[in-house]
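[1] Sharing a sequence plus its predicted fold:
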Amino acid sequence: MATLTAKRIVDMVWEDLKPLDFLTEGSFTNAVTAVLALGGSTNSVVHLIAMARRASILLTLDRFDELARKTPVIANLRPSGQYLTEDFYYAGGLRAFLGQLGDAIDSKQLTCNGNTIAENIEGARVYNEDVIRPVTKPLVERNGLAVLYGNIAPKGAVIKPAAMEQHLRKHTGKADVFKDYNDMSARIDSPDLDVDKDSVIVLQSAGPQGAPGMPEWGQLPIPQKLLKQGVRDMLRISDARMSGTSYGACVLHITPQSHVGGPLALVNDGDRHDLYRHHARGINMLVSDDEIAKRKAAWVKSIPKFTCGYGVLYLKHIQQADTGCDFDFLESGYREGAEPHAAAGEPEIH
């Protein structure tokens, strides 16, 4: 596959076929739908949003959530399901999977080989319907991913509902806050840590600027003393990312990030947090608006991670998770000092 991919890239150069020649709102809708039906990675959110913005297509968190509410998860793959990607391949792979989705995929969209999806998947069949299930018998009826909003994430956060203990979908618990990854590493397994199975583990300064680089730290470790008690999942909140193969009730991509003074930076030990999914899709710290305002007024801006070179360029231009964590100057129509997508007539996805 790697060899064929490289060959196709070279052929595209000779054909003068560029991504902008075939990337459309419809193709991004297909991509999001496929990710959701696969039970795919939360990382896809930042990657697809960034790609769309480079193509002058406005793909938003709300669009992900809109599609998630109606897209069944039909791939029975870990961490949500039972099988591995190798099993998916032998069950028919991506071509059979896209065919199984039927009208949920716009098969008229062009792809990088110059053919439409319909042409690419013609003749594909599913060989194991326990791995690639019919839409009438999905692994999960909907919500392969979910977008959460609340006073801790005014611009959104993401979670993978199927890859978590289901009793945590509605949960309230007190926070155990770690200021950064080093703080967490030093204290998470301390026998003196005031934590129980209902606690909410919070990691700050793990976003695009804070870490820096928004690493895959989002599957925060469960304290050793709770593991010994048989605890296998807890509500965990951060502005970091998480691997697509990871399991757990991990609220990720909190935006605005804590490093720039987002509400995540204002969370204190003992604050109670409420996660309520399904219809409400909320993530909130149960702290009054007045108290949040006081903490915001007292918040001290973090010391810059870099003072010269590429690091300064990165901190100045990197965007947050809800807009793809891409450099703003790589977006189509970038103008120094202008707000992203400030131009009149910007495209929207409906």
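    Alright, I've got the coordinates. Residues are numbered from 1 along each chain as shown.

[2] what residues go with each domain of the protein?
    2-121, 146-298 (automatic domain parsing).

[3] and the end-to-end length of the shortest one?
    Using C-alpha to C-alpha, to the nearest Å, the gap from the first to the last residue of domain 2-121 comes to 20 Å.

[4] next one: the last one
    Across domain 146-298, the terminal residues are separated by 33 Å (C-alpha to C-alpha).

[5] repeat for stretch 287-306
    Stretch 287-306 end-to-end distance (C-alpha to C-alpha) = 33 Å.

[6] Tell me which residues are up against that stretch.
    151, 205, 209-210, 212, 259, 261, 263, 265-266, 268, 271-272, 285, 311-312, 314-315 (C-beta atoms under 8 Å, 6 or more residues apart in numbering). For the C-beta atoms, the positions are set from N, CA and C on the backbone; glycine is no exception.

[7] Likewise for stretch 189-200?
    171-176, 187, 201, 221, 223-226, 229, 231, 234-237, 269, 273.

[8] Pull the distance from the helix or strand hosting A175 to the chain's centre.
    Under DSSP states H and E, the secondary-structure element containing A175 is strand 170-178. With C-alpha atoms, centre = their mean, to the nearest Å as the basis, strand 170-178 stands 21 Å off its chain's centre.

[9] any idea of the mean pLDDT for it?
    Strand 170-178 shows a mean pLDDT of 95 in the predicted model.

[10] Show me which residues of that strand are buried.
    171, 173-178 (16 or more other C-beta atoms under 10 Å).

[11] Identify, out of the domains of the chain, the most deeply packed stretch.
    domain 146-298 (a mean of 19; mean count of other C-beta atoms under 10 Å).

[12] Contact partners for the residue most central in space within the chain?
    In the chain, the residue lying closest to the centroid (C-alpha atoms, centre = their mean) is T42, at 3.0 Å. T42 makes contact with 145, 158-160, 218, 241-242, 244, 252-253, according to C-beta under 8 Å, 6+ apart.

[13] Next, format the buried residues of strand 170-178 as CSV and append distance to P134.
    Shown next, in CSV, are these (distance: C-beta to C-beta, whole Å):
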residue, distance to P134
H171, 33
G173, 38
K174, 44
A175, 42
D176, 43
V177, 45
F178, 44
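
[14] residue boundaries of the helices in the protein?
    2-15, 25-38, 43-54, 61-68, 85-90, 93-100, 117-121, 181-187, 224-227, 289-298, 310-317 (DSSP state H).

[15] For the last one, C-alpha coordinates in CSV please.
    Right, the one you point to is helix 310-317. Coordinates of each C-alpha in helix 310-317 appear next as CSV, following Å, rounded to 0.1, in the frame of the first residue of the first chain:
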residue,chain,number,x,y,z
TYR,A,310,11.0,28.5,15.3
GLY,A,311,9.4,28.2,18.7
VAL,A,312,8.3,31.8,18.6
LEU,A,313,6.9,31.4,15.1
TYR,A,314,5.0,28.4,16.3
LEU,A,315,3.5,30.0,19.4
LYS,A,316,2.4,33.1,17.4
HIS,A,317,0.7,31.3,14.6
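
[16] Which positions within that helix qualify as buried?
    So for helix 310-317, counting by 16+ other C-beta under 10 Å, buried means 314-315.

[17] Touching that helix from outside, list them.
    So helix 310-317 is contacted by 209, 212, 304-306, 327-329 (C-beta under 8 Å, 6+ apart).

[18] any chance of the residues you listed in TSV, plus distance to I132 and pLDDT?
    As requested, the contacts of helix 310-317 are arranged in TSV below (distance: C-beta to C-beta, whole Å; pLDDT from 0 to 100):
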residue	distance to I132	pLDDT
Q209	40	94
P212	39	93
P304	48	85
K305	44	85
F306	46	91
F327	37	95
D328	39	93
F329	41	92
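
[19] start to end distance for stretch 51-62?
    16 Å.

[20] what do you get for stretch 10-29?
    First-to-last residue span, stretch 10-29, C-alpha to C-alpha: 27 Å.

[21] Just the mean pLDDT for that stretch, thanks.
    Mean predicted confidence for stretch 10-29 is 95.

[22] Repeat that for stretch 119-130.
    pLDDT averaged over stretch 119-130 gives 97.

[23] That'll do, ta.
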